[in-house]
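Enquirer: what follows is a predicted structure for the sequence shown.
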Amino acid sequence: MAERRSRLRAEQLSALYGGTAAVKDVTLAFPPNTVTAIIGPSGCGKSTFLRCLNRLHELAPDATVRGHVFLDGRDVYAAEANAVAIRRRIGMVFQQPNPFPTMTIYQNVAAGLSMNGRLTRGETDQAVERALRGAALWDEVKDRLRASPLALSGGQQQRLCIARAIAPRPDVVLLDEPTSALDPLATQSIEELVQELKREFTVVIVTHNMQQAARVSDFTGFFYLGELVEHGETPRMFTAPREERTEAYVTGRFG
């Protein structure tokens, strides 16, 4: 896979999303071709923050955001920025696998390709295969692309959703607790896939599982009560955190 070099950063980002925990004045940078894990107890604003990175919060009533999110130096909240185009460049996968049930496996992956302009059938076929290979799913579904995605296992459905997200060739992939509904074997498969994805994309993953964060990420940010308490390289965050609240959380004293 060709390496991509897109930089994403949030500066003084504050948000209130659908009555959940408010996020307050978060400044955070995501280096290209790395995995950043966002950890913290339930209700601390992790998913709220993630949804603000690609303006997905705008689909919820009463959600508000102040601040800036920069992708390659351009503010995704600028007046001239198109939210749909932003979401193509910053793709997202959710906690529960959500393949489109009325579409085939092939159609699920191809669903977002129209945002890249009109493609020929051959170009679409190539893009679908590339995305399924990128999601480590091609060998398992190549002979049943016209089948319903509901025939797939939970882990396969989640990898299909990842394939759908990466098909338009985004710069950043956001993963909101992508393994929380999966069994251990499917979880391992997704974790291995995350390591492959960072070769081509910048990845941000929200997880409640601190062992998972330690396994898959290069950097970790700890959120608590809507605040970014600490951020740094993952090995240091788990062995020598600078903040007392971070140490208490990663050692299991609360959360």
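Expert: Cool, got the structure.
Enquirer: run through the stretch 101-250 of the chain and note the low-pLDDT ranges.
Expert: The model of the stretch 101-250 of the chain has pLDDT under 70 over residues 115-117.
Enquirer: 90 instead?
Expert: Within the stretch 101-250 of the chain, the ranges that satisfy pLDDT under 90 run 112-119.
Enquirer: residue boundaries of the strands in the stretch 51-200 of the chain?
Expert: 64-71, 74-75, 90-93, 172-176 (DSSP state E, counting those that start in this stretch).
Enquirer: CSV for these, including distance to Val109 and mean neighbour count?
Expert: Just so you know, the C-beta spots here come from the backbone N, C-alpha and C atoms, and that holds for glycine as well. Shown next, in CSV, are the strands of the stretch 51-200 of the chain (distance: least, CB to CB, whole Å; neighbours: other CB atoms under 10 Å):
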stretch, distance to Val109, mean neighbour count
strand 64-71, 24, 17
strand 74-75, 28, 14
strand 90-93, 12, 23
strand 172-176, 15, 24
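Enquirer: beta partners of the most centrally placed residue in the chain?
Expert: Compute the mean C-alpha point of the chain, and by CA atoms, centre = their mean the closest residue is Leu174, 1.4 Å away. When assigned by DSSP bridges, Leu174 has beta-bridge partners Met92, Val204.
Enquirer: my read: it touches Leu197, true?
Expert: No. If you go by CB atoms under 8 Å, Leu174 and Leu197 don't touch, sitting 11.3 Å apart.
Enquirer: distance between the host helix or strand of Ala213 and the chain's centre?
Expert: According to DSSP states H and E, Ala213 maps onto helix 210-216. Relative to the centre of its chain, helix 210-216 is centred 15 Å away, using CA atoms, centre = their mean, to the nearest Å.
Enquirer: what does stretch 46-55 give?
Expert: The chain centre lies 10 Å from the centre of stretch 46-55; the measure is CA atoms, centre = their mean.
Enquirer: show me where this protein has helices.
Expert: 46-53, 83-89, 105-110, 121-134, 138-141, 154-166, 184-197, 210-216, 234-239, 244-250 (DSSP state H).
Enquirer: can I get those in TSV with distance to Ser6?
Expert: What follows is the helices of the chain, written out as TSV (distance: least, CB to CB, whole Å):
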stretch	distance to Ser6
helix 46-53	12
helix 83-89	8
helix 105-110	22
helix 121-134	16
helix 138-141	25
helix 154-166	13
helix 184-197	13
helix 210-216	19
helix 234-239	21
helix 244-250	28
